[in-house]
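Colleague: output the structure for:
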Amino acid sequence: KMASQEQIIITLVQGREGKAWAEKQQNGWSLYTKEPVCTWKGIKCDNLDRRTVVSIDVSGTELPATIPPELGKLPNLQILALGNNEIRGSIPHEVANIPNLQLFNVSDNFITGNVPSFSSKLLKTVDLSKNQLTGSLPENFGSSHDEMIIYDVMKNILSGTVPDSVRDMINLQTLSLSDNAFSGLLPHGLGKLEYLKFLYLDDNYFVGTIPHDLARVDVQNVGDNMLEEVWLQGNMLSGTVPVALADASKLKDLYLDGNKLTGKVPADLCRPEINEDFFASVSDDEDRNYCDSIACPVNTAAFEGVFPCSPCESDFYNPYLGRYGECIDLNERDILKKFYEITSMSNSWKGEVNWDDDTLSTCDYTGITCDSNDHVIGIELSDRGLTGTLIDEIGFLEYLQVLDLSDNELQGFVPSDLRWAPLKKLDISGNKLKGIVPPALCLKQDVNGNGEGGDYNCERFACPVGTYSTTGWYNGGSSKCKPCDGALPYLGQKTCSPYSMPHVTNREKGQDLGPIFVGITAFVVASLSILLVSIVSSMRKRREGSKLLPQSEIESHEFQPNTIGVSDLPGSENQALTRHWEIGDLHDA
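Modeller: As a prediction, the model looks like this:
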């Protein structure tokens, strides 16, 4: 016997806590009530037949439940809004396959599992933000969703790259992937989304450059560029800021700080209205530098990477725009000390280790080679049990020619900062490094033979994820990177042995980022961790006033009518450092 709508909907009421929730609703939510399901609190029915359930909206009601697969038996359901509750478990494929779904909101819950592929071609809003979803986005997540207006997966634990199918969502206005662990290049085709207003990709691990076509100067179907907010801060983007962004006349927020961008902020972008809301508390008497309001210039730094900016102190430098906190310490001993602390925090190195002996010259450290002037030119620590992450500062060892950290347990991502060191040999194979080799590093000549005969190849640095070679990188000879059916989750693998991807947690993600400042003692590390939390917390204030979920705009879009006939039977199936850098040398880096 086919379940009634009441029986299907009541599956949201689970256990004693669920029953207590139902009683608080007062209106309906019981199989024993005489009230029609269409009158139950949060339930709406078709305006024509007045009996077919088309909307379930119990957002913010503290509902304790899992999402029952039985809801998939409501083929005419257009709205399923369960946000801001106590929903746990995963999203059933039966629910993701509801054919007429137009709004799916389960934000601010405790949902786990993967992001599903949704079947409905009528979807306008998908909000999975503020949950505990893991894995990657489905390759086809944008396919067949040309009606999509808002797609939000902010504040989850998602990783991997963003599929190119995002460009299929041609009516998209809001794309929010903030606060996850996405990596790789920025999604291709963003410049094709001519209605895109709000782009939030901040606080991930994106590398490469900012697409020059993001401002879409060739918009044909729309009178002007629609972009209003672009949040790219807190990634690992390199290259320069595209001048074309100035063509986005409606742009109000542009956050680029906390990346590896070089050069200058284009003068045409330095307008008083950009990021004005973030500086609302700045006195009118204070002369705000509009370029610095987007990102602090090279050789300066700031608490949040934007105005007010402070120049770097002596023996410190910063080649990037929008540097957080302090400039980069160029002292070799300080850099090596930080490297040792970060890579031995979880476990001590294997074998004889003397890096903690402050009475020794750095040239006497295990695995260190120096030239006749006592400059560090080599670090060779293969198979020494190093853990933690590869710190950015290693790239600022201005005489470093050899860096061999192979066969350790290093995690995180490959820093593009390695491009500044005069490296000739780099071996990071056999670790647990994720993502891709940053494009800015792939263009570095002479490392492992890179650039010979005009061939610049990222595989000279490490074999891509899902491939392997006997050396873990392409040596220009027989050691080529070959595909591996085991789909290895790490860069630079030397064997084709299947490996289970470890569960990524928020804590692990934080460790990948590493401390912002040089920490010499455990006390300093702890203190700076607290400071980092303060920075992140403060930066989150930018979210206030953003158009992440313009509810009024959602409501202004009329939901499309059902194209499937309403059944009478409810529930029918249907990306050489020298001592004195020149900004011009870095402008195109």
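Colleague: going forward, measure contacts and count neighbours with C-alpha atoms only.
Modeller: Will do.
Colleague: residue 442 versus residue 455, what's the distance?
Modeller: Noted for residue 455: a distance of 10 Å to residue 442, by Cα to Cα, to the nearest Å.
Colleague: between these two, which one's more packed in?
Modeller: The neighbour comparison of residue 455 against residue 442 (other Cα atoms under 10 Å) goes to residue 442, with 21 against 13.
Colleague: looking at that one now. What's its pLDDT?
Modeller: Listed pLDDT for residue 442 reads 96.
Colleague: what's the neighbour count on the residue nearest to it when sequence neighbours are not counted?
Modeller: Excluding the flanking residues, the one nearest residue 442 by Cα to Cα, 6 or more residues apart in numbering is residue 458, at 4.8 Å. Counted with other Cα under 10 Å, residues neighbouring residue 458 total 21.
Colleague: residue 458 contacts residue 439, correct?
Modeller: Yes - applying Cα atoms under 8 Å as the test, residue 458 and residue 439 come out as touching, 7.4 Å apart.
Colleague: from residue 438, how far out is the residue nearest to residue 442?
Modeller: 8 Å.
Colleague: same deal with residue 7?
Modeller: 53 Å.
Colleague: of the two, who's got more company?
Modeller: residue 438 (27 against 17).
Colleague: which pLDDT value belongs to the more buried one?
Modeller: Taken from the predicted model, the pLDDT recorded for residue 438 is 96.
Colleague: also residue 165?
Modeller: Residue 165 is assigned 94 on the pLDDT scale.
Colleague: am I right that it sits in a helix?
Modeller: Yes - remark: residue 165 belongs to a helix, assigned using DSSP: H, G, I helix; E, B strand; the rest coil.
Colleague: report the contact partners of the residue nearest the centre of the chain.
Modeller: Residue closest to the average C-alpha location in the chain (Cα atoms, centre = their mean): residue 204, at 2.5 Å. Applying Cα atoms under 8 Å, 6 or more residues apart in numbering, we find residue 204 in contact with 178-183, 234-235.
Colleague: and residue 328, by the same measure?
Modeller: 316-318, 393.
Colleague: check those for burial and list the buried ones.
Modeller: 317-318, 393 (16 or more other Cα atoms under 10 Å).
Colleague: please convert these to CSV, extending it with secondary structure, pLDDT and distance to residue 125.
Modeller: CSV is the format used below for those (DSSP: H, G, I helix; E, B strand; the rest coil; pLDDT from 0 to 100; distance: Cα to Cα, whole Å):
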residue, secondary structure, pLDDT, distance to residue 125
317, strand, 96, 45
318, coil, 97, 41
393, helix, 97, 42
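Colleague: got a markdown table for those, with distance to residue 106 too?
Modeller: Shown next, in a markdown table, are these (distance: Cα to Cα, whole Å):
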| residue | distance to residue 106 |
| --- | --- |
| 317 | 45 |
| 318 | 42 |
| 393 | 41 |
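Colleague: between those residues, which is nearest residue 280?
Modeller: residue 318 (27.8 Å; Cα to Cα).
Colleague: quick one: the closest residue to that closest one other than its chain neighbours from residue 281, how far?
Modeller: The spatial neighbour of residue 318 that comes closest, neighbours along the chain excluded (Cα to Cα, 6+ apart), is residue 299 at 4.5 Å. Distance, residue 299 to residue 281, using Cα to Cα: 26 Å.
Colleague: looking at those two, which is more packed in?
Modeller: Between residue 299 and residue 281, counted using other Cα under 10 Å, residue 299 has the larger neighbour count: 22 against 8.
Colleague: quick one, helices of the stretch 351-500 of the chain?
Modeller: For the stretch 351-500 of the chain, helices defined by DSSP state H, counting those that start in this stretch occupy the ranges 439-442.
Colleague: actually, the chain.
Modeller: Taking DSSP state H as the criterion, the chain carries its helices at 5-9, 15-25, 93-96, 332-343, 439-442, 506-513, 522-539, 551-556, 583-586.
Colleague: by mean pLDDT, show me the worst of the ones you listed.
Modeller: Here the lowest mean pLDDT among the helices of the chain goes to helix 583-586, at a mean of 32.
Colleague: rewinding a little: show me which of the buried ones among the contacts of residue 328 is closest to residue 345.
Modeller: The closest of the buried ones among the contacts of residue 328, once distances to residue 345 are taken by Cα to Cα, is residue 393, at 17.1 Å.
Colleague: quick check: the gap between residue 346 and residue 387.
Modeller: Counting by Cα to Cα - residue 346 and residue 387 are separated by 7 Å.
Colleague: these two: who's more crowded?
Modeller: residue 387 (22 against 11).
Colleague: OK, contacts around that one?
Modeller: 342-347, 408-411.
Colleague: so where's this structure uncertain?
Modeller: Applying pLDDT under 70 to the chain flags residues 1, 216-224, 283-286, 487, 498-589.
Colleague: adding distance to residue 431, write the contacts of residue 328 out as a markdown table.
Modeller: Listed next are the contacts of residue 328 as a markdown table, based on distance: Cα to Cα, whole Å:
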| residue | distance to residue 431 |
| --- | --- |
| 316 | 30 |
| 317 | 30 |
| 318 | 28 |
| 393 | 19 |
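Colleague: ok now stretch 57-72, how far from the chain's centre?
Modeller: In terms of Cα atoms, centre = their mean, to the nearest Å, the centre of stretch 57-72 is found 28 Å from the chain centre.
Colleague: ok, which stretches of the stretch 1-150 of the chain are strands?
Modeller: Using DSSP state E, counting those that start in this stretch, the strands of the stretch 1-150 of the chain run over 43-45, 53-57, 64-66, 79-81, 86-89, 103-105, 110-111, 125-127, 150-152.
Colleague: who's in contact with the first one?
Modeller: Going back to what we said before, that points to strand 43-45. 37-38, 51-57.
Colleague: can you redo these as CSV with distance to residue 166 and neighbour count?
Modeller: Output for these, formatted as CSV (distance: Cα to Cα, whole Å; neighbours: other Cα atoms under 10 Å):
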residue, distance to residue 166, neighbour count
37, 38, 25
38, 36, 20
51, 36, 18
52, 33, 24
53, 31, 25
54, 27, 22
55, 27, 22
56, 28, 21
57, 27, 17
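Colleague: report the two of those separated the most.
Modeller: 51 and 57 (16.4 Å).
Colleague: now the end-to-end length of stretch 142-157.
Modeller: 20 Å.
Colleague: list of residues touching that stretch?
Modeller: So stretch 142-157 is contacted by 120-135, 165-181, 504-506, 549 (Cα under 8 Å, 6+ apart).
Colleague: sort out which residues of that stretch are buried, please.
Modeller: 142-157.
Colleague: likewise stretch 100-117?
Modeller: 100-112, 114-117.
Colleague: over to stretch 419-439?
Modeller: 419-439.
Colleague: quick one on the thing from earlier: between the contacts of residue 328, which sits nearest residue 336?
Modeller: Closest to residue 336, out of all of the contacts of residue 328 and judged by Cα to Cα, is residue 393, at 8.8 Å.
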